[in-house]
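Novice: The amino acid sequence is not available; the structure is as follows:
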């Protein structure tokens, strides 16, 4: 594939993703399967370009507005992105020559405009959905800090591994990966995490197939230990999804006690079953019908994990297309759902039991506001220190006595929030 065709393809894909509800990673996977003629080097270049344009959008929009002419905004964005990564105006002009599969030729006015641009990410202004400005301000405060957080949210995230302690320990897995030429380092906070020094495919490795490890961001790894599960507990994973947190809870419980995993989406929950088998988890029951059942008198679970559906704003570095798709109405819609879920899950907890509420959002509307609303209407509940059962969280900046609040800028993890509640 010629370089000019690559740029044109990136612009077309960015446009299609922007007009779709499909996650960008799934969309690209399907696209490359349908277009097998595209070689590995071209796939890598196109993928990096698509993700780069999606991540950099908020920093490129000021330049797009000043980019006059009737060229569509997606081509303009790709041209500006190429410039920000070091391509010279003359090179862009040569690639946009109007030939087959290339963008149309740059006008003299367009060429003059991009020729005066610096070959780096634009400094200064960034553009986000106006309705999200207030949530970002509530979450992070001042504009300089908002920009730092947004910059980190738009950077490519690392590949982290959670070692499955039912099968082995961190040293064994690190050594096993090293034998395959895969270099890793210890995650700074999670005691069971490894971080790849260079992203490589892992799912075909025997270590993965045999269940010694799972792909899981360090921020996500830090949530399960907060619930204080023990080997004799009966635990409810109320929004289990595909089972990432379920697997972590099972390992902490050393395959003892009982975990019931449920979710409103049976299809998503079904993905848990092969993962449990691979990981060797024998203490988990998957029940898609549990949400239809009436809670036992006073509740029957010692611990409840609520990984609530959310905007996913803390994971936008992995799904940058979601920034463009999210508005305040989206966030407030999730808040309504989160309040309902928290109230429903709470009915299943025993007295003197604990519930952990978790989101991968950075917005207070989905986090503190939901907890405060719940406590206002449930006097028999109290919030307790997030460090109640966990002694490996750093004391500076990452966790206050009440909440766990992670972000790519502050902790170099995906953004996560957690609050621990006790039923008196």
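Specialist: It's in. Values in this document were obtained by computation on a predicted structure and should not be read as measured data.
Novice: Next one: the residue nearest to residue 408 when sequence neighbours are not counted from residue 72, what distance?
Specialist: What sits nearest to residue 408 in space, not counting adjacent residues and going by Cβ to Cβ, 6 or more residues apart in numbering, is residue 152, at 3.7 Å. In short, each C-beta sits where N, CA and C put it, glycine included. Separation of residue 152 from residue 72 (Cβ to Cβ, to the nearest Å) stands at 29 Å.
Novice: Which one of these two is surrounded by more residues?
Specialist: Per other Cβ atoms under 10 Å, whichever of residue 152 and residue 72 has more neighbours is residue 152, with 17 against 11.
Novice: Does that one fall in a helix, a strand, or a coil region?
Specialist: helix (DSSP: H, G, I helix; E, B strand; the rest coil).
Novice: That one against residue 314, yeah?
Specialist: No. Using Cβ atoms under 8 Å, residue 152 makes no contact with residue 314, being 10.7 Å away.
Novice: intersection of neighbour lists for the two?
Specialist: 407, 408 (Cβ atoms under 8 Å, 6 or more residues apart in numbering).
Novice: Which SSE is immediately downstream of the host helix or strand of residue 145?
Specialist: If you go by DSSP states H and E, residue 145 is part of helix 143-153. In the C-terminal direction, the helix or strand that comes right after helix 143-153 (DSSP H and E) is strand 160-163.
Novice: Give the pairing partners of that following strand; include direction for each.
Specialist: strand 193-196 (antiparallel), strand 213-215 (antiparallel) (DSSP bridges).
Novice: buried set for the last one?
Specialist: When you say that, I think you mean strand 213-215. 213, 214 (16 or more other Cβ atoms under 10 Å).
Novice: doesn't residue 238 make contact with residue 306?
Specialist: Yes. With contacts counted by Cβ under 8 Å, residue 306 reaches residue 238, the gap being 4.9 Å.
Novice: shared neighbours, these two?
Specialist: Joint contacts of residue 306 and residue 238 (Cβ under 8 Å, 6+ apart) are 341, 345.
Novice: Return the distance of the residue nearest to residue 89 when sequence neighbours are not counted relative to residue 370.
Specialist: Nearest residue to residue 89, sequence neighbours excluded (Cβ to Cβ, 6+ apart): residue 115, at 4.0 Å. Residue 115 sits 50 Å away from residue 370, going by Cβ to Cβ.
Novice: which of these two has more neighbours?
Specialist: residue 370 (26 against 14).
Novice: Pull the contacting residues for the more buried one.
Specialist: 308, 335, 338, 339, 342, 357.
Novice: Next one: residue 183 from residue 54, what distance?
Specialist: Distance from residue 183 to residue 54, by Cβ to Cβ: 28 Å.
Novice: Looking at those two, which one has more neighbours?
Specialist: Between residue 183 and residue 54, counting by other Cβ under 10 Å, residue 54 is the more crowded of the two (23 against 12).
Novice: Double-check the more buried one against residue 16; I have them as touching.
Specialist: No. Taking contacts as Cβ under 8 Å, residue 54 lies outside contact range of residue 16: 11.8 Å.
Novice: Could you report the neighbour count for the nearest residue to residue 23 once chain neighbours are set aside?
Specialist: Leaving out its chain neighbours, the residue that sits closest to residue 23 by Cβ to Cβ, 6+ apart is residue 319, at 5.9 Å. For residue 319, the count of nearby residues is 17 (other Cβ under 10 Å).
Novice: Please apply the same query to residue 136.
Specialist: Neighbour number of residue 136 under other Cβ under 10 Å is 21.
Novice: Reduced to three states, what does it come out as?
Specialist: Assignment for residue 136 (three-state DSSP): helix.
Novice: Check residue 311 too.
Specialist: Residue 311 is classified as coil under three-state DSSP.
Novice: okay, which residue is most central for this protein?
Specialist: residue 315 (2.6 Å; Cα atoms, centre = their mean).
Novice: re the thing from before, surely the residue nearest to residue 23 meets residue 312?
Specialist: Yes. Applying Cβ under 8 Å, one finds residue 319 in contact with residue 312, separated by 6.4 Å.
Novice: any idea how far residue 131 is from residue 405?
Specialist: Taken as Cβ to Cβ, the span from residue 405 to residue 131 is 22 Å.
Novice: Which residues are in contact with residue 301?
Specialist: 234, 235, 236, 260, 348, 349, 350, 353.
Novice: one more time with 7 Å
Specialist: 234, 235, 236, 348, 349, 350, 353 (Cβ atoms under 7 Å, 6 or more residues apart in numbering).
Novice: Out of these, the closest to residue 187 would be?
Specialist: Nearest to residue 187 among these: residue 235, at 24.1 Å, using Cβ to Cβ.
Novice: Tell me what the closest one is bridged to.
Specialist: So, taking DSSP bridges as the rule, residue 235 has residue 259, residue 303 as bridge partners.
Novice: count of residues packed around it?
Specialist: Residues near residue 235, counting by other Cβ under 10 Å: 25.
Novice: what's the spacing between it and residue 216?
Specialist: Where residue 216 is concerned, residue 235 sits at a distance of 18 Å (Cβ to Cβ).
Novice: ok, now residue 21?
Specialist: 25 Å.
Novice: all strands in this structure, in order from the N-terminus.
Specialist: Secondary structure of the chain (DSSP state E): strands at 160-163, 184-186, 193-196, 213-215, 234-237, 258-261, 284-286, 301-307, 349-359, 381-384, 403-406, 416-423.
Novice: closest one to residue 176 among the ones you listed?
Specialist: Comparing the strands of the chain by Cβ to Cβ, strand 213-215 comes nearest, at 8.9 Å.
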